[in-house]
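Trainee: Got a sequence here, can you model it:
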Amino acid sequence: MAFSPLGWETAWVSEIEPSACALLTHRLPDVPNLGDMTMIPSRIRRGEVEAPAVLIGGTPCQSFSLAGKRESLDDARGNLALTYCEVCDAIDDVRRSDGTGECIAIWENVPGVLSTKDNAFGRFLSQLVGAGCELQHSGARWADSGYVLGPKRAAAWRILDAQYFGLAQRRRRVFVVASARAGVDPAALLFEWESVRRDSPPSRETRKDVAPTISARTSGGGGLGTDFDLDGGLIHFGDEVANLVAFSSKDYAADASGISPTLRAMGHGASHANGGGQVAVAYGFQNAQSGETGKGDAAPCVAVGMVVRRLTPRECDKLQGAMPDWTLVPNKHGKPMADGCRYRMLGNSFAVPCIAWIGKKINAAAQGAPTARDQASAGRS
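Mentor: Predicted coordinates:
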């Protein structure tokens, strides 16, 4: 969804979780799923798998999350961050041999990776840029943004929050952009001039270029409707107005706001690093003219006899920047995907506008000196 509108095609994916595999099979039926990520470097070197111009990876976050046991790189899932570096190396070796120029790598994870006891981020950066030794931070943890240059490639990192990219969700994630390709500067792809930075709280005024609140018009049917409303946290029903806030259902509404808290994988107990209850929404109606509380004649999709309900999977699709019901596909048994599986996929996924923003920067940089093969392959990634 992020790169296709920019003219790119997906060359392959690597996924093993059954529900996500079913979604990929349905949405990208012609794209091979390579499965086990640890086998990809050797397959690329043997020529069995294409060496793409761009590699996008979000290796598992559970071992780095502040909510989990934080076994970091000792956890096989966490160690896939280093496997990602091996995939980058294999791609670059093949592309250099072919004369097509090294790849541009994009990696995403939770901010907790910046503060693990085993310095996971320093070890990841070291392998990514070829530093030859473990890189160290200068404070209590790695900074929210930075840049390193090594023998293999340069890498820049920065925490981006989805709420500053047009979504009504607070979602802070670390993004790393790295490349050895001539003419490609990762810092230029990820950093901005001070006047246009996307890491300060946006105004919630009714404008098209700021992040919306969780409130949404109910026209079009289904949950919060088809388009998020920018009307300062209000939903209108004729003369009635609903004030709407969202909060984590297991957190006693301590994080209640007009912006949704981070979507998580849901459906797991406290031991799961990305667990937590579904996001809940609460609303109270007022008479638009008098300001007094009234019952209101609300659409059933919002008022269901109580003033608190959970966000639907369809609404969570939209909070990640996906099309409504993007995750409503047949499961491996041919039945409609269960809500729990949809919540889990969305909680583990990228916020689409963040990746699209990086993609636009890559496109702008690539217009400078594309290689002959890149032109001939029409931007396969």
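Trainee: Apart from its neighbours in sequence, what residue is nearest residue 177?
Mentor: Nearest residue to residue 177, sequence neighbours excluded (C-beta to C-beta, 6 or more residues apart in numbering): residue 186, at 4.3 Å. To be clear about C-beta, it is placed using only N, CA and C from the backbone, and glycine gets the same treatment.
Trainee: so after the longest helix seen in the chain, what's the next helix or strand?
Mentor: The helix spanning the most residues in the chain, taking DSSP state H as the definition, is helix 80-98. Tracing the chain C-terminally past helix 80-98 and defining elements by DSSP states H and E, one meets strand 104-109 next.
Trainee: Could you list every helix and strand in contact with that following strand?
Mentor: When contacts are defined as 3 or more C-beta pairs under 8 Å, 6 or more residues apart in numbering; DSSP states H and E, strand 104-109 packs onto strand 54-57, helix 80-98, strand 172-179, helix 352-366.
Trainee: Of these, flag the one that's most buried.
Mentor: Neighbour counts (mean count of other C-beta atoms under 10 Å) averaged over each of those peak at strand 172-179, with a mean of 23.
Trainee: tell me the average confidence for the next helix or strand after that strand?
Mentor: Going down the chain from strand 172-179, the next helix or strand is helix 186-190, by DSSP H and E. Per-residue pLDDT over helix 186-190 has a mean of 94.
Trainee: Report the secondary structure state of the residue nearest to residue 114 when sequence neighbours are not counted.
Mentor: Excluding its sequence neighbours, the residue lying closest to residue 114 (C-beta to C-beta, 6+ apart) is residue 142, at 4.0 Å. Of the three states, residue 142 takes coil under DSSP: H, G, I helix; E, B strand; the rest coil.
Trainee: Quick check: the gap between residue 142 and residue 121.
Mentor: Note on residue 142: its distance to residue 121, by C-beta to C-beta, to the nearest Å, is 5 Å.
Trainee: was I right about residue 141 contacting residue 113?
Mentor: No - look at residue 141 against residue 113 with C-beta atoms under 8 Å: they stay out of range, at 9.9 Å.
Trainee: Between the two, which is the more surrounded one?
Mentor: The residue with more neighbours, out of residue 141 and residue 113, is residue 113; 27 against 14, by other C-beta atoms under 10 Å.
Trainee: got any ranges where this protein has weak pLDDT?
Mentor: 61-76, 78, 193-243, 249-253, 266-278, 282-308, 368-381 (pLDDT under 70).
Trainee: Let me know which of the helices and strands packed on strand 104-109 is the nearest to residue 23.
Mentor: helix 352-366 (14.3 Å; C-beta to C-beta).
Trainee: Report the angle between that closest one and strand 104-109.
Mentor: 160 degrees (axes from the mean of the first three to the mean of the last three C-alpha atoms, to 10 degrees).
Trainee: other SSEs contacting helix 352-366?
Mentor: strand 104-109, strand 172-179, helix 186-190.
Trainee: check contacts around residue 37.
Mentor: By C-beta atoms under 8 Å, 6 or more residues apart in numbering, residue 37 lies in contact with 14, 59, 80, 83-84, 87.
Trainee: same thing but at 7 Å, please
Mentor: By C-beta atoms under 7 Å, 6 or more residues apart in numbering, the contact list for residue 37 reads 14, 80, 83.
Trainee: What lies in contact with stretch 158-166?
Mentor: Taking C-beta under 7 Å, 6+ apart as the rule, stretch 158-166 contacts 111, 144-145, 169-175, 190-191, 198-199, 202, 211, 259, 351, 353-354, 357.
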